[in-house]
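Undergrad: heads up, no residue letters with this:
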């Protein structure tokens with residue numbers, strides 16, 4: 001009888017211990033576990049991993065990371081954030097490669113940009129966005145060389161302009177973006193008429209971008225000059241809206257600064273990237289890559 005009583009005490013103790021663990025499991029769970037109570041994860045689509053080629057410049061790359069996470073949080077709610085891989089290029093050396101490219105020697109820049117794309121692909125990125133309007137000129141080259149979808153910023157912007165119903169827009173950006181065909185032709189495929197600043201205005205805009213904005217310097221005098229240029233393009237060139245075709249310009253110019261609609265390419269690009277990342281059934285973004 002003594003051994004049976006002892007066995008009974010042991011069994012009762014085990015029962016009470018297990019009961020206490022079960023009743024206290026919710027209270028003892030981590031805050032992250034408690035936050036997911038009642039949440040059906042299957043309600044949310046599987047998210048693609050966004051690969052960002054950043055560092056060109058780092059100033060706007062910070063904004064890309066912030067915007068992507070804010071937009072995913074807005075779309076999914078709760079503590080959700082974006083799945084992001086970023087490779088940040090060292091801009092000092094790269095800026096020299098850009099100058100060589102402007103003179104026709106693309107070899108160094110192409111090597112750097114392809115290396116960045118391969119790093120992202122090997123890291124598990126499902127597609128790539130380039131956090132620079134100018135370097136989107138290499139989007140098709142990256143896609144063909146590395147074999148990974150690249151969401152072109154000009155296509156995302158063209159879609160946004162079309163949605164607004166405007167037909168003629170001004171394009172501000174680096175000298176290369178304003179003067180070369182890669183951006184304008186992409187917008188024209190969307191049925192958009194593009195006007196650009198005159199030569200002296202292009203020089204002023206380009207200098208502000210590289211000498212100030214890429215170094216996180218924001219001056220009222222530069223803002224006033226940009227506003228003056230935008231107002232002239234609206235009054236004399238018929239611009240109904242303005243594309244801020246450099247990812248640093250939205251850090252200087254806001255919608256409140258001008259009367260015509262502003263198209264912030266950085267925000268537009270991030271919104272398009274999140275839309276594609278959350279579309280689990282789409283293999284590549286047909287609306288933005290290689291439009292017909």
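TA: Nice, thanks for sending it over. Note that the structure is a prediction, hence the values are computed from the model and not measured.
Undergrad: List the buried residues of stretch 83-90.
TA: For stretch 83-90, a neighbour-count test (16 or more other CB atoms under 10 Å) marks 83, 84, 85, 86, 87, 88, 89 as buried. (Glycine included, C-beta is placed from N, CA and C.)
Undergrad: Tabulate these (JSON lines), appending pLDDT, secondary structure and distance to residue 49.
TA: Putting the buried residues of stretch 83-90 into JSON lines (pLDDT from 0 to 100; DSSP: H, G, I helix; E, B strand; the rest coil; distance: CB to CB, whole Å) gives the following:
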{"residue": "83", "pLDDT": "95", "secondary structure": "coil", "distance to residue 49": "4"}
{"residue": "84", "pLDDT": "95", "secondary structure": "strand", "distance to residue 49": "7"}
{"residue": "85", "pLDDT": "95", "secondary structure": "strand", "distance to residue 49": "6"}
{"residue": "86", "pLDDT": "96", "secondary structure": "strand", "distance to residue 49": "11"}
{"residue": "87", "pLDDT": "95", "secondary structure": "strand", "distance to residue 49": "13"}
{"residue": "88", "pLDDT": "92", "secondary structure": "strand", "distance to residue 49": "17"}
{"residue": "89", "pLDDT": "89", "secondary structure": "coil", "distance to residue 49": "19"}
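Undergrad: Check for me that residue 243 belongs to a strand.
TA: Yes: read with DSSP: H, G, I helix; E, B strand; the rest coil, residue 243 is one of the residues of a strand.
Undergrad: and residue 220, how many neighbours does it have?
TA: 8 (other CB atoms under 10 Å).
Undergrad: Flag the shaky bits of the stretch 1-150 of the chain, pLDDT-wise.
TA: Under the criterion pLDDT under 70, the flagged ranges of the stretch 1-150 of the chain are 1-45.
Undergrad: That one: helices as residue ranges?
TA: For the stretch 1-150 of the chain, the helices defined by DSSP state H, counting those that start in this stretch cover 2-28, 31-35, 58-76, 91-102, 107-123, 139-146.
Undergrad: Which member of the buried residues of stretch 83-90 is positioned nearest residue 131?
TA: Nearest to residue 131, judged by CB to CB, of the buried residues of stretch 83-90 is residue 86 at 8.2 Å.
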